[in-house]
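Participant: Just to be clear, the model below is a prediction. Sequence and coordinates:
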Amino acid sequence: MIVRAVKTKKVTGSSLSLLDLLDDALPTLQERSIVAIASKVAALCEGRVVPKAGTDLEKLVREEADWYMPQAEKLHGFVLTIAHDMLTPNSGIDESNANDSYVLWPAAPQLVVNNVRRHLCRRFKLKHLGVLIVDSGFMPLRWGAIGLCLAYSGFQPARNYGGQQDLFGRPLAFSKTNMADGLATAATFMMGEGAEQTPLAVFEDLPQVEFLTRDPTGEELAARRTPLEEDSFAPLLTSVQWLPGGKTN
């Protein structure tokens with residue numbers, strides 16, 4: 001696998017469209033490559049920015065969440081939330097590199113990657129191309145950011161080991177590798193978290209990835225989600241008295 005970060009113009013709220021940004025930053029793309037886009041730059045291009053002055057952050061977090069923990073549970077300035085089917089602090093809202101503003105997640109990440117994939121396939125006359133939107137996340141009991149995939153298109157998000165055995169003939173209990181979030185972590189590592197101004201990453205030489213010539217179906221998207229009660233961390237997650245956020249209905 002080869003992955004490289006791509007420097008772009010500095011983006012402020014609605015200063016240019018995401019497709020224009022990609023056209024400027026990506027002069028060429030190879031067949032069977034994947035383009036990763038930082039959620040922040042996608043959101044900025046959508047104008048998903050709220051000035052910090054006069055904004056109640058906790059109220060904004062609740063409005064952007066599917067579910068959130070009660071205020072008494074807040075730690076390190078974050079409210080733990082479930083948003084876009086992921087456990088994340090503050091509904092993904094960020095204030096770094098935001099020029100005194102709060103940057104939200106894109107309104108509809110799946111539509112963004114679907115549109116970007118079609119645009120780039122037409123522009124570069126490609127058949128197999130993957131796109132994903134990534135953001136920083138945290139792993140329990142570990143310091144530091146990893147990457148999360150908000151949305152993907154053009155490839156299978158998991159490698160299935162169903163029906164296979166390990167080296168000693170034991171059936172594999174966990175039969176899928178999370179390719180989408182693994183790629184998101186690699187992209188986040190390459191993009192950086194500071195002033196690098198590299199909100200894009202391009203992956204090439206990906207023999208492990210199964211490419212598709214279409215967007216994921218609704219059934220495929222639903223298959224990526226694990227019901228709260230069936231999650232491996234269910235004893236922890238279900239012990240929380242989650243409150244419904246603005247995105248629940």
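Facilitator: Nice, I can see it. Computed from a predicted model, the values in this text were never measured in an experiment. Numbers count the residues shown, from 1 in each chain.
Participant: From now on I want contacts and neighbour counts done on CA atoms only, so please keep to that.
Facilitator: Will do.
Participant: what's the next secondary structure element after the longest helix anywhere in the chain?
Facilitator: The helix of greatest length in the chain, counted in residues with DSSP state H as the criterion, is given as helix 109-124. Toward the C-terminal end, the helix or strand that comes next after helix 109-124 (DSSP states H and E) is strand 129-138.
Participant: what packs against that next one?
Facilitator: Applying 3 or more CA pairs under 8 Å, 6 or more residues apart in numbering; DSSP states H and E, we find strand 129-138 packed against strand 33-38, helix 39-46, helix 109-124, strand 145-153, helix 179-191.
Participant: list the helices and strands the shortest one packs on?
Facilitator: To tie it back to what came earlier, the one meant is strand 33-38. Under the contact definition 3+ CA pairs under 8 Å, 6+ apart, strand 33-38 sits against strand 129-138, helix 179-191, strand 200-204.
Participant: Likewise for the fourth one?
Facilitator: Under the contact definition 3+ CA pairs under 8 Å, 6+ apart, strand 145-153 sits against helix 109-124, strand 129-138, helix 179-191.
Participant: Highest mean neighbour count across these, which stretch is it?
Facilitator: Each of those was assessed for mean neighbour count using mean count of other CA atoms under 10 Å. The highest is strand 129-138, with a mean of 25.
Participant: Check the gap between His119 and Trp105 for me.
Facilitator: Counting by CA to CA, to the nearest Å, the separation of His119 from Trp105 is 21 Å.
Participant: swap in Gln208?
Facilitator: Taking CA to CA as the measure, Gln208 and Trp105 are separated by 29 Å.
Participant: okay, these two: which has more neighbours?
Facilitator: For Gln208 against Trp105, the residue with the higher neighbour count under other CA atoms under 10 Å is Trp105, and the figures read 25 against 9.
Participant: so is Ala222 in a helix, a strand, or just coil?
Facilitator: When states are read from DSSP: H, G, I helix; E, B strand; the rest coil, the local structure at Ala222 comes out as helix.
Participant: okay, how far is it across stretch 42-55, tip to tip?
Facilitator: Between the opening and closing residues of stretch 42-55 there is a gap of 22 Å (CA to CA).
Participant: Check stretch 35-48 too.
Facilitator: In stretch 35-48, first residue to last residue: 21 Å (CA to CA).
Participant: now swap in stretch 233-242 and tell me
Facilitator: Counting by CA to CA, the terminal residues of stretch 233-242 are separated by 15 Å.
Participant: what does stretch 84-101 give?
Facilitator: The distance separating the two terminal residues of stretch 84-101, taken as CA to CA, comes to 22 Å.
Participant: Pipe the helices and strands packed on strand 145-153 into a markdown table and attach mean pLDDT per row.
Facilitator: Rendered in a markdown table, the data for these read as follows (pLDDT from 0 to 100):
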| stretch | mean pLDDT |
| --- | --- |
| helix 109-124 | 98 |
| strand 129-138 | 94 |
| helix 179-191 | 95 |
